[in-house]
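K.L.:
What shape does this take:
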Amino acid sequence: MDESGIKILATNRKAHFNYTIEESVECGIELLGTEVKSVKSGHISFPDSFAEIKNDEIWLKNFHISEYVYSSLFNHDPDRDKRLLLHKQEIRRLRRKVDEKGFTLVPLKFYLKHSRVKVELGLCKGKKAYDKREGIKSRDVDRDMRRELRDH
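P.N.:
This is a model prediction of the structure:
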């Protein structure tokens, strides 16, 4: 944990490859007790999860939290939709961008901030195949330049 009280639990590296991220928003997430324990122990999976706005609420879909091993029969449903906590004006602003400009809400990072589970939600636009190839090419060129500078 760093000096600001933040411990990163998981990052969505695939999102940076598949999407251009316009902006990101920090959200709280509504979890049950056994879900919190599973998340803190790192038993989460979100390869193709996204957020959806319904009735002025944001819901996280396709986000899997494994059942807590030490729980009794009162365990949670691993694939239930989780509600994200944001202010009403933030939700309205995100809704406008998603509806008008065709953005997608994708979770980028899950972390603990002062012992609370938080989600960094990205306002993203999908990349085309040529954008992805261009990104790979520029990364390779940059790596080669750094290697040349280091060797000489």
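K.L.:
Show the model's pLDDT score for Asp131.
P.N.:
Predicted confidence (pLDDT) for Asp131: 69.
K.L.:
Kindly apply the preceding question to Leu60 instead.
P.N.:
You'll see Leu60 listed with a pLDDT of 88.
K.L.:
And for Leu149?
P.N.:
Leu149 is assigned 84 on the pLDDT scale.
K.L.:
now it, what's its secondary structure?
P.N.:
Classification of Leu149 using DSSP: H, G, I helix; E, B strand; the rest coil returns helix.
K.L.:
Quick one: low-confidence residue ranges for the protein.
P.N.:
Scanning the chain for pLDDT under 70 picks out the ranges 1-3, 72-73, 131.
K.L.:
wait, what's in contact with the residue nearest the centre of it?
P.N.:
Against the mean C-alpha coordinate of the chain, by Cα atoms, centre = their mean, the closest residue is Pro107 at 2.0 Å. Pro107 sits next to 12, 15, 46, 49-51, 60, 63, 119-122 when contact means Cβ atoms under 8 Å, 6 or more residues apart in numbering. In short, each C-beta sits where N, CA and C put it, glycine included.
K.L.:
Also Asp81?
P.N.:
Neighbouring residues of Asp81 by Cβ under 8 Å, 6+ apart: 59-61, 63.
K.L.:
Next: Ile21.
P.N.:
Contact criterion Cβ under 8 Å, 6+ apart gives 15, 108, 122-124 as the residues in contact with Ile21.
K.L.:
can you rerun that using 10 Å?
P.N.:
By Cβ atoms under 10 Å, 6 or more residues apart in numbering, the contact set of Ile21 is 15, 103, 106, 108, 120, 122-125.
K.L.:
cool, and Asp48?
P.N.:
Per Cβ under 10 Å, 6+ apart, neighbours of Asp48: 12, 14, 18, 61-63, 106.
K.L.:
Pretty sure Glu23 sits in a helix.
P.N.:
No. Counting by three-state DSSP, Glu23 is located in no helix; its state is strand.
K.L.:
Skip the chain neighbours and tell me the closest residue to it.
P.N.:
Using Cβ to Cβ, 6 or more residues apart in numbering and skipping the chain neighbours, the partner closest in space to Glu23 is Leu123 (4.9 Å).
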